[in-house]
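Student: Give the three-dimensional model of this entry:
(2 chains)
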Amino acid sequence: MFNSLSLRGRFLITPIIGIILTLILYFASNAVIRSHADLFQKLHDNNLPQISAISRSITLLANNHNALTDTLVAAISNPDEEKIYIQGRAVLNQLHQIEVELLENIHLAHRGIVQYDTILEKIRLAFIYYQESSIRAIELSSVNSQRAIKELIYVSKASQQLNESFLTLSDYHTEHITDTSKLLGSTLYDQNIVTALAVILILVMIVSALYFSDRMSSEIQQAEQMIIEAREEAERSNQDKSDFLSRMSHELRTPLNAIVGFGELLDLDSSMLNSNQQENIRYIMEAGEHLRHLVNELLDLATIQSGKTDITKNIIPVKSIVEECITMIHPQAANKKIEIINNIKDTKCKIQADHLRLKKVLLNLLSNAVKYICEKGQIMFDCKQVSKDRLQIRVTNTGSVLSRKEISKLFTPFERFDSKKDTEGTGIGLVIAKHMVEQMDGTIAVESIRNGEIIFFLEFLLVNDVKELS
Amino acid sequence: MKLFYILALNTLFTVLFWSPHTLSKEVTSEILPAHKLIKALQSGGHIIYVRHGPTNHNEKDRYSDDFENCSSQRNLSKQGRAIVTKIGATVRALKIPVGDVLSSPYCRCKDTAKLIFGHFQVEPGLQFSISKNEEKAKQLGQQLHKMMMNSGVDASNRVFVGHTANLKDGLGIWPKPEGVMVVFKKKGKDIIYKGMITPDAWPK
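Tutor: You can find the predicted model right below:
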């Protein structure tokens, strides 16, 4: 998917991802802030009256505790039980009044927050324990004034417990309300800072992405233009070369034709010449013929590279065209005692190809085979249907003197093998043959099965009414 | 403002509790010594308020409504049980007529009533008022006064077994010490305080 994007799109992906991540972080931090704000609202805004009332009650309790303590201390020095009861009764009455307001506000202050509600419950229980201790202190002191000292200790402990439980509530508020408000403030501040920085960074990334994508686009366009121009220049050079090759070939052909022609004329009248003169005429004609052959090959290569060749496909019986080529190459083969065997027996073995060019290809293969096979070697032709619509012609050379490395370079232009430096030719014959086969929608390949044996595989379009060959 | 109100109420109650003239001018006018009180009781027609016997001061009341659970209360001490048993024997020996006996639901009061008089009936309105708020304590005091007013006059003596605070809140009398018998006489619409018989004032 990334590869299908334009250059600008690829550059913009990073800032887009940055925007998405920033949005996610922003909303996530908002959720955190919201939860803190909700807690703050629950504990502060919605709970403030109750907490204030509880705080007042605790203050009143402190005053009441002083009065209780005074009563008990007075009981020690003045053990009048009735007086203790009277004074104590006043303290207990006030304690009862504080109880009503305190317990009601503790009940109202519950907010469903486990830790907070637990603290409130502890305050309630601590108060109830303090109240019971106070009642007991007055009761027992009015029964036995000597009990006042002990009861004073119990009441003081209960008072301390109550104060500690209320301090826990204060600490909780400090931690969760005061600190929460600070945390909210700082979180909001941080959020704004981070968001602003993220936005700035993303804008910078977008601008950079647009700038660099444009710049890279223009550079790429320039590079593409240079490539196009270089290719056109190369094509022009190649075309110029081909044109030159074609012109030179034509230019060379004319005098060559003259040389060969006049040589033939001299040969016609050679009865009046001595044997040396006759032999000289043969040398001239052989050289001229060879030169004309080379020029023709160069001209063929130039024509192929220019793309100006015309292909005329016909239905060609393979057996007959192979026999034609064997007949033409036979004298050369016979000189080296090379045997050529045509195992293509079926006359219905037909392919679609250009007759002239197929003949050139087969002649090229045969002439190369004769060049690179040692004496008493063998060339064998056979064919085989390899698929529903393809026929393969195999040319097997045994006794070849080429190495495997040389075989691999057979289709390389102008490649002439070191082992045969005195062999004639331009080294482009098989290259031309390969081009011609491909122009006829065929394929050509070579393979060395074992030392000294080379097989050429030519495949062409099979004519449909041909039966499968063995 | 609230504090002022509380202080004002406290002052008022203190004055009320301290004043011997609150309930009746005649409440404390005829205070008799123990032997005369005993003789009066033998005649019947009086109201007796018995403060429970001496208790174990190391035990503590839990101030719950579960009066059946004596383990959560301050109960009669061993000595206290002996004292009230002896008082009961003395009361019987002196042939002091005893009518209905109403007891606070606290175990120490029930035990006192049983050991002195042999029979009793629990009256929830006689429960200890010290742990109640001002309004409820006052209500219990008034309830005691009303029960005494409604007790009827006959040859026997009506008995209430209870606590200090209730009598103090209801009739302004502080029964002292534990096990004391406070004697009242109904006269018209008033309850007249006649005196107290402490545990050691009973004849041997």
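
Student: what's the following helix or strand after the longest helix along chain A?
Tutor: If you go by DSSP state H, chain A has its longest helix at helix A:179-268. Once the chain leaves helix A:179-268, the next helix or strand it forms, by DSSP states H and E, is helix A:275-306.

Student: and that following helix with helix A:179-268, angle?
Tutor: Interaxial angle of helix A:275-306 relative to helix A:179-268 (axes from the mean of the first three to the mean of the last three Cα atoms, to 10 degrees): 150 degrees.

Student: list the helices and strands helix A:275-306 packs on?
Tutor: helix A:179-268, helix A:429-439 (3 or more Cβ pairs under 8 Å, 6 or more residues apart in numbering or on different chains; DSSP states H and E). From N, CA and C alone the C-beta is placed, and that goes for glycine too.

Student: Now distance to A:L72 too, for those, in JSON lines please.
Tutor: What follows is the helices and strands packed on helix A:275-306, written out as JSON lines (distance: least, Cβ to Cβ, whole Å):
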{"stretch": "helix A:179-268", "distance to A:L72": "40"}
{"stretch": "helix A:429-439", "distance to A:L72": "122"}
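
Student: Out of those, indicate the one that is most buried.
Tutor: helix A:429-439 (a mean of 21; mean count of other Cβ atoms under 10 Å in any protein chain shown).

Student: can you pull out the strands in the stretch 351-470 of chain A?
Tutor: Secondary structure of the stretch 351-470 of chain A by DSSP state E, counting those that start in this stretch: the strands cover A:373-387, A:390-400, A:443-450, A:453-462.

Student: and if you look at chain B?
Tutor: B:47-51, B:98-103, B:121-122, B:157-162, B:181-187, B:190-197 (DSSP state E).

Student: between the strands of the stretch 351-470 of chain A, which gets nearest to B:G125?
Tutor: strand A:373-387 (120.0 Å; Cβ to Cβ).

Student: how about A:E264, what does it touch?
Tutor: Listed by Cβ atoms under 8 Å, 6 or more residues apart in numbering or on different chains, the contact partners of A:E264 are A:M285.

Student: quick one: it from A:I281, how far?
Tutor: Distance of A:E264 to A:I281, computed by Cβ to Cβ, to the nearest Å: 9 Å.

Student: What average pLDDT does stretch B:165-172 get?
Tutor: Averaged over stretch B:165-172, pLDDT sits at 94.

Student: Is there proximity between it and chain A?
Tutor: Yes: judged by Cβ under 8 Å from any Cβ of the partner chain, stretch B:165-172 and chain A are in contact via B:A165, B:K168.

Student: if we look at that stretch, which residues are touching it?
Tutor: A:82, A:85-86, A:89, A:142, B:16-17, B:19-20, B:22-23, B:27, B:49, B:51, B:104, B:126, B:128-130, B:137-138, B:140-145, B:148, B:173-175, B:182, B:184, B:191, B:193.

Student: Go again with 6 Å.
Tutor: With Cβ atoms under 6 Å, 6 or more residues apart in numbering or on different chains as the test, stretch B:165-172 has contacts from B:22-23, B:49, B:129-130, B:137, B:140-141, B:144-145, B:173-175.

Student: Likewise for stretch A:248-255?
Tutor: Counting by Cβ under 6 Å, 6+ apart, A:V295, A:L298, A:L299 sit against stretch A:248-255.

Student: For the residue of chain A most remote from its centre, which non-adjacent residue is spatially closest?
Tutor: Most distant residue from the mean C-alpha position of chain A: A:D80, 98.5 Å away (Cα atoms, centre = their mean). Nearest non-adjacent residue to A:D80, counting by Cβ to Cβ, 6 or more residues apart in numbering or on different chains: A:S145, 7.5 Å away.

Student: just A:Y129 next, same as before
Tutor: Nearest to A:Y129 is A:A158, by Cβ to Cβ, 6+ apart, at 5.3 Å.

Student: quick one: pLDDT of that neighbour?
Tutor: 90.

Student: again, but for B:S104
Tutor: We have a pLDDT of 97 for B:S104.

Student: How about the one 3 residues further on?
Tutor: Reported pLDDT at B:C107 in the predicted model: 96.

Student: residues in contact with it?
Tutor: Contacts of B:C107 by Cβ under 6 Å, 6+ apart are B:C70, B:Q73, B:N75.

Student: How about it: what's its closest non-neighbour residue?
Tutor: Residue nearest to B:C107 in three dimensions, not counting chain neighbours: B:C70, with 3.9 Å by Cβ to Cβ, 6+ apart.

Student: quick one, the helix or strand hosting the residue nearest to A:Y129 and helix A:179-268 angle?
Tutor: Here A:A158 sits within helix A:148-173, counting by DSSP H and E. Going by the same axes, to 10 degrees, helix A:148-173 is angled at 30 degrees with respect to helix A:179-268.

Student: Can you give me the buried ones in helix A:148-173?
Tutor: Applying a neighbour-count criterion of 16 or more other Cβ atoms under 10 Å in any protein chain shown, one finds A:148, A:150-152, A:154-156, A:158-159, A:161-163, A:165-166, A:168-169, A:172-173 buried in helix A:148-173.

Student: can you check stretch B:106-118 too?
Tutor: Buried residues in stretch B:106-118 (16+ other Cβ under 10 Å): B:Y106, B:C107, B:R108, B:C109, B:K110, B:D111, B:T112, B:A113, B:K114, B:L115, B:I116, B:F117.

Student: for the last one, what are its contacts?
Tutor: Think B:F117. Taking Cβ under 6 Å, 6+ apart, we find B:F117 in contact with B:V98, B:V101.

Student: before we move on, what about the third one?
Tutor: Residues in contact with B:R108, defined by Cβ under 6 Å, 6+ apart, are B:H52, B:T55, B:N75, B:L76.

Student: ok, the first one to chain A distance?
Tutor: What that stands for is B:H52. Going from B:H52 to chain A by Cβ to the nearest Cβ, to the nearest Å gives 10 Å.

Student: That residue reaches B:Y106, doesn't it?
Tutor: No: judged on Cβ atoms under 6 Å, B:H52 makes no contact with B:Y106 at a distance of 7.2 Å.

Student: Report how many residues lie close to B:Q142.
Tutor: Other residues near B:Q142 number 13, with proximity taken as other Cβ atoms under 10 Å in any protein chain shown.

Student: How about the most centrally placed residue in chain B, nearest residue that isn't a chain neighbour?
Tutor: For chain B, B:Y49 is the residue whose C-alpha lies nearest the centre (Cα atoms, centre = their mean; 3.7 Å). Sequence neighbours aside, B:V182 is the residue nearest to B:Y49 in space, at 4.3 Å (criterion: Cβ to Cβ, 6+ apart).
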